[in-house]
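S.K.: build the 3D model from these lines:
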Amino acid sequence: ANALKERKIKVVGGRYGLGGKEFTPRMAKAVVDNFVKMKDNFTVGICDDVLKSSLPLPEYSTNLKEFQMKFWGLGSDGTVSASKSTIKILGEELEKYVQGYFEYDSKKSGSLTRSHVRVSDHPIKSTYLVEEANIITISNFSFVHRYNCLEGLQKGGTVLINSVFNADEVDKVLPDIYKKTLQEKKAKLYVINAQKLAEEVGLGNKINMIMQTALFKVSNIIDFDIAQTQIENYIKKTFSKKGKATIEKNLLASRKTLERLQKVDVGKFTLNGTTLREKNIADKFYQNIMRPIEKLEGDKLPVSVFNKEGIVPQGTAEFEKRGFALHLPVWLPKNCIQCGQCVMMCPHNAIRPVLVKGKTPEEIEFAAAFGMNGYYYRIQISPEDCTGCGVCAKTCPAINKALEMKISGEEMEKQKKNYKILQKLKTEKETPFSTDLPKGLQFKDSYFAFSGACAGCGETPYIRLATTLFGDHMVIANATGCSSIYGGSYPSCPYLKDEKGRGPAWANSLFEDNAEFGLGIEIGSKFTSKQKQSVWIIGGDGWAYDIGYGGLDHVLNSKENVNILVLDTEVYSNTGGQASKSTPRGAMVKFANSGKQTKKKDLVALAIASKNCYVAQVSLGANMGQCIKAFKEAENFEGPSLIVAYSPCVNHGFDMSETSTEMRKAVECGYWSLVRYNPKTNKLEIDSTANFDKYEDFINRESRFSAIKELRGKEAEALLEENKADAQNRIEYLKMLAKGD
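M.R.: I've put the predicted structure just below:
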């Protein structure tokens, strides 16, 4: 410092990367330009309107020769996987220099993903996101109404959109900003109905191979015949774990792509006033913070808009209205038995009963309410919050289903109108029906709705149930994992409050200390709270069985009145499906690619052995009454309680519309047992029976078990036989405990 001072050299410094911001060429140029003004203690990349430390960013272009691509995708549609396979094909097989970076939002599947890919014949030195793209692909048409996806498109670039509208129709629905950009940039536009093709060949929502094939065709990065060969090789290699049928479906989808690809005549576009959709929401938090983030302008938010306490208002998830469902459930009143099971199982609380006394709106269909003369009943969805998973339709127990999944589009607009009308209508909450069953409980308000969980998620119905029963006086300590991501990712909060301002208080500490965190909340409430609180400690099996088990065991052997809910997906779901101690023997998951060699840890048996805590094992889709009873008993027990809830997950490898069916079949075959244990009576109740003749049928439904057979043959069969034996032994042990032996 003295040497610099003697030479009269002034040193200035600053910070970059604040808040996870990138360091781009424009920022580097700003730092260099600052040597003229010599501003010290500067920041670059954020808008600091409090300390006034930010450097202005100049206009600057790098004029790179790399071929740059940006892919807009919907979480779980395969866009990121397709982007990664594109990198592998170009980099590993064709010896190009490649680079990929992937942006995910905090939602689970059904979220926005953006893939940034660069390709070059020379080493790539760019270490920031793609800002000037040669090609942009959009995998979900709803994006064009919500985001300006074409920002940064290079002159003469190419755009590929997955669209239900053909080449002649797309002019009518594209916002003017898209049309202007395409015409001004003299860009090429292609459309393909990838969703329809995927459904035709049996791939559901997996459109990645279709979009990837179309990408190589329209981009001309490499000769298309070479690309087609490489794609087919990739399909055979990648999907080998999922069986021959999956391979054939993907090959067929790729081969049929070219006949569905259409080029749009951009020159014929006419401006019709169509703009990006804006929501008319007056809420201050939405306007100041959520709205810019939704428009992907969160990086531009100034420091001054954030509150220093870090508190997020409740119910902000309700503002999101993502509206990306490709299919929506349509209620058929003549078939409905008004049981409420669809309401209980909806992963996003997007389907609700409406109970009206007397006159109903003429334009909306109702049915006479069973058991309540003069009342009328309806099932209504919030269409922009529905993910189109189809769980409600599959859950319906009516002989002739009361919910039918129909393609979104006109149905979306119709249901939006209905939802808006019914929101203003006074609906009845009190009924003569018992809340011990879905029939009565369906009418009670839940304090959890519209989370960013995966479509078909098996975890969220349990949280919805808990908040319905105890939400107005509930305090939640949430372990890091899926439930903390869809439960508390800024600025979206799915936990609600009622008209009296009551609702769950929620907080997340760390992955490993959640049990201790919840215990501290309970002990602290004795000195600070004037009202009775219901403390719930919530987390997944990765926390409960593995990382946080020591703390969990400590709490279960205490005398404190806390409730623990373990959402058991049998893998580390949030980080991609790695093996946990809850993973059963023979399951092929990450870190156990040859099938897990050891049996599932029996958390329920360990808890029962303490003879200190209430213990229940539940599966909502198998027996809703038993599940509701277990939650109420856990809450009423004076001391620690543990509920282990079977939670089907996308990592299990089955059609997620079948979540409730999977819950039921797991119990029917003996894979999962329903039990309740109360140490006050030292009595264990087994609430299910097991038919092990159905065990193989259940195992074969899920690729985590079925795929290993093709790869490991007799070794796999032996493992799965041991898996079955593990389940049989668990039940025999439970029967022994129930007898008091």
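S.K.: which helix runs longest in this protein?
M.R.: Longest among the helix segments of the chain by residue count, using DSSP state H, is helix 714-739.
S.K.: for that helix, buried residues please.
M.R.: Buried residues in helix 714-739, counting neighbours by 16 or more other C-beta atoms under 10 Å, are found at 716, 719-720, 722-724, 726-727, 730-731, 734, 737. (Each C-beta comes from the backbone N, C-alpha and C, glycine too.)
S.K.: turn the residues you listed into CSV, including pLDDT.
M.R.: Conversion of these to CSV gives the following (pLDDT from 0 to 100):
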residue, pLDDT
716, 91
719, 94
720, 95
722, 97
723, 97
724, 97
726, 97
727, 97
730, 97
731, 97
734, 96
737, 94
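S.K.: tell me the one among the residues you listed nearest to residue 446.
M.R.: Within the buried residues of helix 714-739, proximity to residue 446 (C-beta to C-beta) peaks at residue 734, which comes in at 31.6 Å.
S.K.: give the contact list for the closest one.
M.R.: 605, 673, 675, 684, 686 (C-beta atoms under 8 Å, 6 or more residues apart in numbering).
S.K.: now, these that are in strands?
M.R.: Counting by DSSP state E, the members of the contacts of residue 734 that fall within strands are 675, 684, 686.
S.K.: state the distance from the last one to residue 462.
M.R.: Think residue 686. 20 Å (C-beta to C-beta, to the nearest Å).
S.K.: with neighbour numbers in mind, choose between the two.
M.R.: residue 462 (23 against 17; other C-beta atoms under 10 Å).
S.K.: that one contacts residue 566, doesn't it?
M.R.: No: with contact taken as C-beta atoms under 8 Å, residue 462 and residue 566 are classed as non-touching, separated by 9.6 Å.
S.K.: list residues touching both of these two?
M.R.: Common neighbours of residue 462 and residue 566, using C-beta under 8 Å, 6+ apart, are 643, 645.
S.K.: quick one: contacts for residue 627?
M.R.: Contact criterion C-beta under 8 Å, 6+ apart gives 462, 465, 618-620, 645 as the residues in contact with residue 627.
S.K.: what comes up buried for the helix or strand containing it?
M.R.: Using DSSP states H and E, residue 627 sits within helix 624-636. By 16+ other C-beta under 10 Å, the buried positions in helix 624-636 come out as 624, 626-631, 633-635.
S.K.: distance to residue 96 and pLDDT added to those, as JSON lines?
M.R.: As requested, the buried residues of helix 624-636 are exported to JSON lines (distance: C-beta to C-beta, whole Å; pLDDT from 0 to 100):
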{"residue": "624", "distance to residue 96": "55", "pLDDT": "98"}
{"residue": "626", "distance to residue 96": "57", "pLDDT": "98"}
{"residue": "627", "distance to residue 96": "54", "pLDDT": "98"}
{"residue": "628", "distance to residue 96": "58", "pLDDT": "98"}
{"residue": "629", "distance to residue 96": "61", "pLDDT": "98"}
{"residue": "630", "distance to residue 96": "57", "pLDDT": "98"}
{"residue": "631", "distance to residue 96": "56", "pLDDT": "98"}
{"residue": "633", "distance to residue 96": "62", "pLDDT": "98"}
{"residue": "634", "distance to residue 96": "57", "pLDDT": "98"}
{"residue": "635", "distance to residue 96": "60", "pLDDT": "98"}
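S.K.: residue 270: which of those residues is nearest?
M.R.: When the buried residues of helix 624-636 are ranked by distance to residue 270 (C-beta to C-beta), residue 624 comes first, at 54.2 Å.
S.K.: residue 600: which of the ones in strands among the contacts of residue 734 is nearest?
M.R.: The closest of these to residue 600 turns out to be residue 675 (C-beta to C-beta; 15.1 Å).
S.K.: in the stretch 151-300 of the chain, what residue spans correspond to strands?
M.R.: 153-162, 188-192, 262-264 (DSSP state E, counting those that start in this stretch).
S.K.: now the ones you listed in a markdown table, with distance to residue 73, mean neighbour count and mean pLDDT?
M.R.: Rendered in a markdown table, the data for those read as follows (distance: least, C-beta to C-beta, whole Å; neighbours: other C-beta atoms under 10 Å; pLDDT from 0 to 100):
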| stretch | distance to residue 73 | mean neighbour count | mean pLDDT |
| --- | --- | --- | --- |
| strand 153-162 | 9 | 20 | 96 |
| strand 188-192 | 14 | 23 | 97 |
| strand 262-264 | 20 | 16 | 97 |
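S.K.: distance to residue 203 added to those strands, as CSV?
M.R.: Supplementary listing: these in CSV, determined by distance: least, C-beta to C-beta, whole Å:
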stretch, distance to residue 203
strand 153-162, 13
strand 188-192, 14
strand 262-264, 20
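S.K.: go through these and name the closest to residue 484.
M.R.: Checking those against residue 484 by C-beta to C-beta gives strand 153-162 as the closest, at 31.4 Å.
S.K.: export the helix holding residue 627 to PDB, keeping only CA atoms.
M.R.: Once side chains and other backbone atoms are set aside, the C-alpha atoms of helix 624-636 remain, and they are given as PDB (Å, rounded to 0.1, in the frame of the first residue of the first chain):
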ATOM      1  CA  MET A 624     -58.300 -41.700   3.300                       C
ATOM      2  CA  GLY A 625     -60.300 -42.400   6.400                       C
ATOM      3  CA  GLN A 626     -57.300 -44.100   8.100                       C
ATOM      4  CA  CYS A 627     -55.000 -41.300   7.000                       C
ATOM      5  CA  ILE A 628     -57.300 -38.500   8.400                       C
ATOM      6  CA  LYS A 629     -57.700 -40.500  11.700                       C
ATOM      7  CA  ALA A 630     -53.900 -40.800  12.000                       C
ATOM      8  CA  PHE A 631     -53.400 -37.100  11.600                       C
ATOM      9  CA  LYS A 632     -56.000 -36.300  14.200                       C
ATOM     10  CA  GLU A 633     -54.700 -38.900  16.700                       C
ATOM     11  CA  ALA A 634     -51.100 -37.600  16.200                       C
ATOM     12  CA  GLU A 635     -52.300 -34.000  17.000                       C
ATOM     13  CA  ASN A 636     -54.200 -35.100  20.100                       C
END
